[in-house]
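Colleague: Dropping the sequence and predicted coords here.
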Amino acid sequence: MSGNWIEAASRDAIPEDDVVGVVVGGRDIALYGVDGDVFATDNVCTHGNARLCDGFLEGHEIECPLHQGRFDVRTGAVMCAPLTDAVRTYPIRIEAGKVYVDLG
């Protein structure tokens, strides 16, 4: 694998329609299980100091537990106020039952 791919979790550790927080390469990352896919973002909201893994995942949107702003976990895009800045996303690879994140 080219890039900065680091093993983040086993695929089985990421429940469908849920989010888990992991530390990958010293970074706090949120991993989301949605429609059979896995997505990764920074785990800290860009609006307040809240961990996204403590939020509510509905479809492709994670709701921050602090002020209820939502991000699209596929793109990091802001979906509603009070958020103004997108959250960083990371590429994912799944090989041999393990999830790898490219921290780039």
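Modeller: On my side now, so go ahead. Computed from a predicted structure; not experimentally measured.

Colleague: from here on, contacts and neighbour counts on C-alpha atoms
Modeller: Will do.

Colleague: Endpoint to endpoint, stretch 51-60 covers what distance?
Modeller: Stretch 51-60 has its terminal residues 17 Å apart, counting by Cα to Cα, to the nearest Å.

Colleague: got the buried residues for that stretch?
Modeller: Counting neighbours by 16 or more other Cα atoms under 10 Å, one finds that the buried residues in stretch 51-60 are Arg51, Leu52, Cys53, Asp54, Gly55, Phe56, Leu57, His60.

Colleague: ok, the nearest residue to the second one once chain neighbours are set aside - contacts?
Modeller: To tie it back to what came earlier, the one meant is Leu52. The shortest distance from Leu52 to any non-neighbouring residue, by Cα to Cα, 6 or more residues apart in numbering, is to Asn43 (5.1 Å). If you count contacts by Cα atoms under 8 Å, 6 or more residues apart in numbering, Asn43 has them with Gly21, Asp28, Ile29, Ala30, Arg51, Leu52, Cys53.

Colleague: low-confidence ranges in this structure?
Modeller: Along the chain, segments meeting pLDDT under 70 span 1-2.

Colleague: which residues in it form strands?
Modeller: Using DSSP state E, the strands found in the chain span residues 5-10, 18-24, 27-34, 37-42, 56-58, 61-63, 70-72, 89-90, 92-95, 98-102.

Colleague: Next, the buried residues of the first one.
Modeller: If you call a residue buried by 16+ other Cα under 10 Å, then strand 5-10 has these buried ones: Trp5, Ile6, Glu7, Ala8, Ala9.
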